[in-house]
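Engineer: Starting from these lines, generate the structure:
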Amino acid sequence: MADQEERNALLDNEEEEESDDEMFQLVVHEEIADSDEEDGEDDETGDGRERGNDGEKFDRALPATHSYLGDGMDELSGRTVLDSEKEIELPLLPMYGVVLMPGETLPLHLFMPQFVTMMKRCLEGNKTFGVCTIKSGSDTDEFSDVGTTAEIFSVKEDTSGGIHTMTVKATGRQRFKIISKRRQSDRVIIATVSVLADEPLVARPAVAFACPRELMLAPCEQVVNTGERGKDGCVTVSKGKAKMLQQLRRDPPCLSPLPSWVYRMFDPFILTHRVANELLAWSQNMVIKHQSDNPTEFSYWVAANLPLDDTLRLELLMTNSVIYRLQKELDVISKYSSFCCRHCDAPIGHKDDVFSMSVDGALASYVNPGGYVHQTLTLYKVTNLSIISRPVTQDSWFPGYAWSIAQCSRCHSHMGWRFTSSRHGLRPSKFYGITRSSIKPAIVQPQNGDEEGGKSRMCRQS
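Structural biologist: Now for the predicted structure:
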């Protein structure tokens, strides 16, 4: 009889635990709905967009430091530049869902002995290794033919618990093409690669006028007819030079035999300006880097920040022409409408909701405690997502925010996280981080036979 009572008590406990689990799922979804309604009372959009000047604004420089990796990292100096068009040997780090661009920061948690050994050897040499993208649905021996060298600039080793681990921060440097590869006895992949160089840019005709580059890129309303420099950073020139500049901007090929429209299509600085304007048309909260410094660096920064699938991203990485890369980016940005779930095509977000939570841009690489690197896009608002965990502040990529796991409400695949402020008054109050590998872009395509250039939305299959 006592055994029977014990058995009944255990069954009752199990039923209560199951009921609690079900209740937790219901409470989570109810909290989302309530939160949106509450936000909607103070905010027309019902999302995490900043309204007014009240509260503490988040410091966008914090995510770029990757402070969640912990203290005690050794900073390394120096820069390694590999000779272009020469064959060299590089140790390779194949990665899922990561297409590294030159200039992009790559954080790593390494646990596997072969990769820890590989990094230690890199530190003894030129601190450089190669990063390649593993093809979807394949093993680690099948990866892209092109990749990017990564140079270690910060490192920390840990032997606690009897396991040798390594935390690394590296920067993407130069593109390369794999010629051959082999696997060593320690399972490290060594590849013979040819370093790819970008085609040199031709000096623009504006140089003949001794016209500074920033004048050519400055918006028309910022060109002031005075001889002083504006306190707000506006470019100011004399009346005569302003008139000359306006003529040059209207008809830039005045020193070129090419027609005006051809010139504008192939001038890298004009393309840079047009791409930046298209990005700002998405959102005024986009951080634009390298706009007037270097078209080559800017083209890579744009490629790193666009939420594209691996196919498009690798296409941008492969090209040696900066001009073609900028043209391709301009074409994609102008047609980009939204993005959907990679697995079930459920609409997830719109380009208008993309914003920069980091000084590096709207999309950046972050690593979780398990060592998985996620290239993550930040948005104010999303659709068709379910939150399946309680908020947690530990190991948060964004200091002051708690993360909750988000999955597609249709196919239940992992999509990313919702971040909610854990400090009162911190702005934005909430936002979403969606992994690039979980989405695919919806490109607006022209319809055949539409005289007015009608367009339809379609998701690009990855």
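
Engineer: what's around Gly70, how many residues?
Structural biologist: The number of residues packed near Gly70 is 11, by other CB atoms under 10 Å. For the C-beta atoms, the positions are set from N, CA and C on the backbone; glycine is no exception.

Engineer: quick one: contacts for it?
Structural biologist: Lys156, Thr167 (CB atoms under 8 Å, 6 or more residues apart in numbering).

Engineer: Remind me what the host helix or strand of Gln114 packs against, helices and strands.
Structural biologist: For Gln114, the element it lies in under DSSP states H and E is helix 113-124. Packing partners of helix 113-124 (3 or more CB pairs under 8 Å, 6 or more residues apart in numbering; DSSP states H and E): strand 87-95, strand 128-133, strand 146-158, strand 165-183.

Engineer: right, so the ones you listed: which one is the most enclosed?
Structural biologist: Ranked by mean neighbour count, the helices and strands packed on helix 113-124 are led by strand 128-133 with a mean of 23 (mean count of other CB atoms under 10 Å).

Engineer: what does the helix or strand that contains Phe298 rub up against?
Structural biologist: Taking DSSP H and E as the definition, Phe298 sits inside helix 295-305. For helix 295-305, the external contacting residues (CB under 8 Å, 6+ apart) are 101-104, 172, 198, 201, 268-269, 271-272, 275-276, 279, 289-291, 313, 316-317, 322, 325-326, 329, 333, 361-363.

Engineer: From the residues you listed, list the buried ones, please.
Structural biologist: 101-104, 172, 198, 268-269, 271-272, 275-276, 279, 289-291, 313, 316-317, 322, 325-326, 329, 333, 361-363 (16 or more other CB atoms under 10 Å).

Engineer: Tell me which entries of these lie within helices.
Structural biologist: Judged by DSSP state H, helices contain the following of the buried ones among the contacts of helix 295-305: 268-269, 271-272, 275-276, 279, 313, 316-317, 322, 325-326, 329, 333.

Engineer: give the contact list for Asp74.
Structural biologist: Applying CB under 8 Å, 6+ apart, we find Asp74 in contact with Ser154, Val155, Lys156.

Engineer: Which strand residues bridge Ala402?
Structural biologist: With DSSP bridges applied, Ala402 shows beta-bridge pairing to Thr420.

Engineer: measure it to Tyr372 for me?
Structural biologist: Distance, Ala402 to Tyr372, using CB to CB, to the nearest Å: 20 Å.

Engineer: between the two, which one's more packed in?
Structural biologist: Ala402 (18 against 14).

Engineer: Now do the contacts for that one.
Structural biologist: Pro391, Val392, Thr393, Ser396, Phe419, Thr420, Ser421, Ser422.

Engineer: Select, from those residues, the two members most distant in space.
Structural biologist: Farthest pair in those (CB to CB) is Val392 and Ser421. Separation: 13.7 Å.

Engineer: how close does the closest residue to Ile288 other than its chain neighbours sit to Thr296?
Structural biologist: Of all residues not flanking Ile288 in the chain, Ala276 sits nearest, at 5.2 Å (CB to CB, 6 or more residues apart in numbering). Using CB to CB, Ala276 is found at 15 Å from Thr296.

Engineer: next one: Trp403
Structural biologist: In this view, Trp403 and Thr296 are 35 Å apart by CB to CB.

Engineer: Return, as residue ranges, the portions of the stretch 1-150 of the chain with sub-threshold pLDDT.
Structural biologist: Confidence mapping of the stretch 1-150 of the chain against pLDDT under 70 gives the ranges 1-54, 137-141.
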